[in-house]
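Colleague: 3D, please:
(2 chains)
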Amino acid sequence: MRNGYHIVVCGSIVPDPLQTLEPIETPGGPALKNEMMLPAVLDPWASHALYEAANLASKVAGSKVWLVSVAPKAKLQQVMMTVAQKVSFELVAVDGPASGFGDAYGVAAILADEVQSIAGLDRSRLLVFGGWESASRGAGVTMQLVGERLGIADQFQGVDQITTQADGSFEVLERIEGGRHQVSMCSGPPALLGWATGNLPEPRNNPQVGMANMRTVMPALQRAKAAALAGSGLRFLSTTPPKQQRQTRIVKNRPVEEIAQEIVEWIGK
Amino acid sequence: MATAISAAPETLHTLPTDLVRQIQWRFADRYDLQMLIQSVRAVARGPVARLVAAGGRNSHEWTEQKSELLEYFDKSGITAVFMEPEQGGFIAGPKNLALALVAFELAWVDGGAATGSLAGCLALAPIHERGTPEQRDHYMRLAAPAQPGEERRPWRGAFCLTEPIPYVGVDTGMLNGKLRVESWNPGDEPILHVEKRGRFITNIGFANFVTAAVDSADPRIKGSCMVILEEGDPGTFDRGTPTRKLVHQLSSTGDPIFSLRIPASRIVGGYDIKDGVIVPRFSHSEVIEAVFRRTRVTVGVMTAAKLLSAVEPIIRYQRGRFRGAEMATPGSIRYELGLQQREDALHRLVDVWAAGEASASLGFAASRLFDELDPIEREIDEQLTQRGITGARARMKIFREAWDEAVKLLDLPAYDAQRAKLEADPMLRFVQMDSLADVLCPATKLWNTGFGSQMMREAVSLMGGYGITEDCPGFLGHKWMDSQLEATYEGPEAVQRRQLSVTMTNPVFLAQFRNWVREMREIAATHPGTGACTLATAMLLWLWSIDHLQHTSDADGSKLYHSARQGVTFPLADALCWLVAARCQILDVLELERRGGEDAALADGLHGLLNFMSDLCHVQTARASGEAGRICAELVFGYNRHPAWDAEGYKSCYRAEDLDELESIMPGIAACALDVIATDGSHAGKAGPCAGCAGLQQFQVLRSRLDICLTGCRLAKDRAAEAISKIMIPEALDYPA
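Modeller: Sure, this is the predicted structure:
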């Protein structure tokens, strides 16, 4: 890719996964108990997408990364204090709900509008990244809808790896059943990639990167437009958190094979 | 299943978030500090916590695993916090609050890791505060972590004061290090010889340089100074054996021996040559005063972090205490609340939490004050230097001359026309802030660590036997032990009390303290639930007591308030610490109310949070006022001799026959008579006639009023306890244990 990619990552915030998540009914529909007061993190799926975007940008000269995020801006600001130290990007913030009960259709509309409004964005170099899933409530369709609205036909979901070629084309590994990957070749941008976990570790915090990012992050938060999700008639009949079962034992010095075997047996019960 | 929202009264919903703390501790507008916290937290609750959980504290040696933490500190920005941006840092301006926040986050998990990181700053601090520009640039750059593309390891430093053994840590005026002139050729820089033995020196296991305090042992060198020693200097740089500490094992501590030759340019702050004598520009005590008055605050903040970090693990332990037992079935009160169905468990946790809030508020208030003070201090330094006023005594004389004006300014009504003019005077602003810093710094070090360690014991006890195991979530047992060291190093409690006994009588401080009484009454008028009114009364009582004690003698005619009478001065200093901590806590809650309402992210739970925090204030002010009242009463009455059944004592008694006569004139008077001597000389069986209170009536009125001011404080404790029993906590602690 001669001039580098323009990589737009779409991602919002979710409650910190260690928190107790208890659905409640509100006049506006379902919500999580005390959600506004719980500490939040960038959605882990979107985080993978962001780290992969930054990694790709660092390898292809001239590339640039944006993070487009729809979230309550006060909470988004808190999350940025960590995320902004990880990798370099420019934030595009929209002050809106980040609830897991929002309608993916409405969210996608806002995201697509924001992507289109990014000044200087070159569609011929555009890669739209995002999470294939979400840690709050995985509708699983948001990124597809964003791609459709942007008119991007080349879409890949459950992506674990992208390998770029000198001519701008790239190879994509998408997860399929049985722990295997589907290998695709894409001739080049524009394309949309919904990321699974990728292969990169979480970058360490680097305050120098953070200070550089903050020059654009804070102004972006200050000028964030308020956006409400359009009502689409979506109605939840009931909400319940996933069932969890914890059986903890402390066992030391056990071979990995035996641990794996026991897990398989446990799952099969 | 989803649950419906209840219409219960507003109370605390979740543990205070980062946003809450940013507002309370006044860095909501500082994203550099907010990022720093996240960065430090990732290290503290990641590699540091993993190392502690893996038993990293079970050795005294500086191991490879412990050494790896230094690299984490470098990469996360912890090492560079102390530096200016041009030296490789990323925070511009004063860094006292930044360092306090770093200490807070690291100590949330492990005090040793916090100490290790701070000790590097401590080593640099003499150079930063009093070094020559060349020394500052050279060592700061060496100590800054490598920038991208650089191939070098940052230099690590250690700070070596050490008074003569065995009086370690008691008298910083006596040194065991000696400095002599080794060679001095005409026209060349003198070469000096340093002999120094250190004890309990942090970071010594890996330090590349040491800032050491030494005294002259040569007529060609005047007084004391601090010098910079490097590991490559000719001679002996022996790191000694590791100290067998029971605490803070993630920091390296040892007893080094130095016998080195160094150029005279290593004297911190430089030197002049007068009449063939090397005269250091700063004595060692001038250097360490500038250093310790800042770094001691961070130590106090560390103990505050321990207390606040204990809250979540204790709640989780209390609630889950009976789960798994046959009698505790899901849905039952025993299952859901566990130990929290008992009032005592909750009340004690309220005490721990309240103490944690107060100590954090005090520590961060002190660090913010130093951030404000730093630039003004430099401005005044420059002014005095330009006027040719050097030397500690000459400068102190100038400051004392400004005291009267500063007090006048503080006593002026808000609308007075003179106020604007006086407020614009940097010298008056300086002496005002300086007098406050002289109190808040030792108060933080003394009260946070001393009372903090007591409350950590309480926290450990709330975890039952689990508390004193290595498996205790939150490492509470370790933290309890660690807090004892924090009460000791960088000036033990006696040193802090000694300093307070001097600084708390500064008229500029006392003028501010008097204003605080008014301030608390005003707050009480709008926020009665904070206990501010109680605190105001306790402050008045303390003011009355110190004034009384300064002008009174004991039963033997000896003056009560003077430097050698530590039985008077030290307890009064303790009482003051309680009061200033409680005040800071109240002010933080008011700030939360003022700015919290502006933040949409806090809107949901702000009212309940404020209710809870106010109740904690009330609990803490009641405790603080009670302590202050008890101490003052002991001092005010305690130095009067109790009357005995002797001729002198009889003077205050009625004789039975006199009383009979009086009864005929004034019926009922006999019932009011306290002590009566019968005709046969017999009297009631007790120590002596009851002591009188001549001249102390005002104290009695205040003390009585203070007791009555405690009205409602236990109701506040009940409310806070109930809130804790309902608060939502995370599923698990966010660091391993």
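Colleague: only C-alpha atoms for contact and neighbour calcs from this point on.
Modeller: Will do.
Colleague: avg pLDDT for the helix or strand containing residue B:135?
Modeller: Using DSSP states H and E, residue B:135 maps to helix B:133-143. Helix B:133-143 shows a mean pLDDT of 94.
Colleague: Convert it to PDB, retaining C-alpha atoms only.
Modeller: Taking Å, rounded to 0.1, in the frame of the first residue of the first chain, the C-alpha atoms of helix B:133-143 are listed here in PDB:
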ATOM      1  CA  PRO B 133      21.900  23.200  37.200                       C
ATOM      2  CA  GLU B 134      24.700  21.000  35.900                       C
ATOM      3  CA  GLN B 135      24.100  18.300  38.600                       C
ATOM      4  CA  ARG B 136      20.400  18.400  37.900                       C
ATOM      5  CA  ASP B 137      20.700  18.000  34.200                       C
ATOM      6  CA  HIS B 138      23.300  15.300  34.500                       C
ATOM      7  CA  TYR B 139      21.700  13.000  37.000                       C
ATOM      8  CA  MET B 140      18.100  13.500  35.900                       C
ATOM      9  CA  ARG B 141      19.000  12.500  32.400                       C
ATOM     10  CA  LEU B 142      21.000   9.500  33.600                       C
ATOM     11  CA  ALA B 143      18.000   8.400  35.700                       C
END
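Colleague: Flag every residue of the stretch 51-200 of chain A that's near chain B.
Modeller: For the stretch 51-200 of chain A, the residues in contact with chain B (Cα under 8 Å from any Cα of the partner chain) are A:72, A:74, A:75, A:78, A:81, A:82, A:85.
Colleague: Tell me which entries of these lie within helices.
Modeller: A:74, A:75, A:78, A:81, A:82 (DSSP state H).
Colleague: is it true that the third one touches residue B:19?
Modeller: Yes - with contact defined as Cα atoms under 8 Å, residue A:78 reaches residue B:19; the gap is 7.4 Å.
Colleague: Neighbour count: the two, which is higher?
Modeller: More crowded of residue A:78 and residue B:19, by other Cα atoms under 10 Å in any protein chain shown: residue B:19, with 23 against 20.
Colleague: Report the contact partners of the more buried one.
Modeller: Contact analysis of residue B:19 by Cα atoms under 8 Å, 6 or more residues apart in numbering or on different chains lists A:78, B:28, B:602.
Colleague: let's go with 7 Å and repeat that
Modeller: Residue B:19 makes no contacts at all, as judged by Cα atoms under 7 Å, 6 or more residues apart in numbering or on different chains.
Colleague: would you say it is within a helix?
Modeller: Yes - counting by DSSP: H, G, I helix; E, B strand; the rest coil, one finds residue B:19 located in a helix.
Colleague: Against residue A:224, how distant is it?
Modeller: According to Cα to Cα, to the nearest Å, residue B:19 and residue A:224 sit 19 Å apart.
Colleague: Centre-most residue in chain B?
Modeller: Centrality entry for chain B: nearest residue to the mean C-alpha point is residue B:444, 1.6 Å, by Cα atoms, centre = their mean.
Colleague: Let me see the contact set for that residue.
Modeller: Residue B:444 touches B:297, B:300, B:362, B:363, counting by Cα under 7 Å, 6+ apart.
Colleague: Can you get me a residue count around the second one?
Modeller: Same thing as residue B:300. Per other Cα under 10 Å, the neighbour tally for residue B:300 reads 33.
Colleague: I figured it was touching residue B:365, is that so?
Modeller: No - applying Cα atoms under 7 Å, one finds residue B:300 not in contact with residue B:365, separated by 11.5 Å.
Colleague: that older thread, quickly name whichever of the ones in helices among the residues of the stretch 51-200 of chain A next to chain B is closest to chain B.
Modeller: Of all those, chain B sits closest to residue A:81, with 4.6 Å by Cα to the nearest Cα.
Colleague: That closest one and residue A:210, how far apart?
Modeller: Residue A:81 sits 8 Å away from residue A:210, going by Cα to Cα.
Colleague: what does residue B:553 give?
Modeller: Note on residue B:553: its distance to residue A:210, by Cα to Cα, is 61 Å.
Colleague: ok, now residue B:216?
Modeller: According to Cα to Cα, residue B:216 stands 47 Å off from residue A:210.
Colleague: Looking at those two, which one has more neighbours?
Modeller: Higher neighbour count among residue B:216 and residue A:210: residue A:210, with 27 against 19, using other Cα under 10 Å.
Colleague: That one is in contact with residue A:85, isn't it?
Modeller: Yes - with contact defined as Cα under 7 Å, residue A:210 counts as touching residue A:85 (3.9 Å).
Colleague: any idea how far chain A is from residue B:267?
Modeller: From residue B:267 across to chain A, the span is 33 Å (Cα to the nearest Cα, to the nearest Å).
Colleague: Quick one: classify the nearest residue to that residue once chain neighbours are set aside as helix, strand or coil.
Modeller: Leaving aside its chain neighbours, residue B:267 sits nearest to residue B:227 (4.4 Å; criterion: Cα to Cα, 6 or more residues apart in numbering or on different chains). Using three-state DSSP, the structure places residue B:227 in strand.
Colleague: How many residues are close by residue B:227?
Modeller: Residue B:227 is flanked by 27 other residues according to other Cα under 10 Å.
Colleague: now stretch A:5-14: mean pLDDT?
Modeller: 96.
Colleague: Please put the alpha-carbon coordinates of that stretch into CSV.
Modeller: C-alpha atoms of stretch A:5-14 as CSV (Å, rounded to 0.1, in the frame of the first residue of the first chain):
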residue,chain,number,x,y,z
TYR,A,5,-4.2,2.7,5.2
HIS,A,6,-6.9,4.8,6.8
ILE,A,7,-8.1,2.5,9.5
VAL,A,8,-11.3,3.4,11.4
VAL,A,9,-12.0,1.3,14.5
CYS,A,10,-15.5,1.3,15.8
GLY,A,11,-15.8,0.5,19.5
SER,A,12,-17.6,1.5,22.6
ILE,A,13,-17.3,0.9,26.3
VAL,A,14,-18.7,-1.9,28.5
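Colleague: Can you tell me what sits against that stretch?
Modeller: Applying Cα under 7 Å, 6+ apart, the set of residues contacting stretch A:5-14 is A:40-43, A:46, A:49-50, A:53, A:57, A:63-71, A:76, A:98, A:121-122, A:125-131, A:135-136.
Colleague: Mind doing that once more with 8 Å?
Modeller: With contacts defined as Cα under 8 Å, 6+ apart, stretch A:5-14 is touched by A:40-43, A:46-47, A:49-50, A:53, A:57, A:60, A:62-71, A:76, A:79, A:98-100, A:111, A:115, A:121-123, A:125-131, A:135-136.
Colleague: Any residues of chain B in contact with chain A? List them.
Modeller: Proximity of chain B to chain A (Cα under 8 Å from any Cα) is limited to residues B:1-5, B:13-14, B:17-19, B:31-32, B:34-36, B:38-39, B:42, B:75-77, B:90, B:599-602, B:604-605, B:728-734.
Colleague: Buried members of the residues you listed into ChimeraX, please.
Modeller: In ChimeraX syntax, the buried subset of the residues of chain B next to chain A is picked out as below (16 or more other Cα atoms under 10 Å in any protein chain shown):
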select /B:2,13,14,18,19,31,32,34,35,36,38,39,42,75,76,77,90,601,602,604,605,728,729,730,733
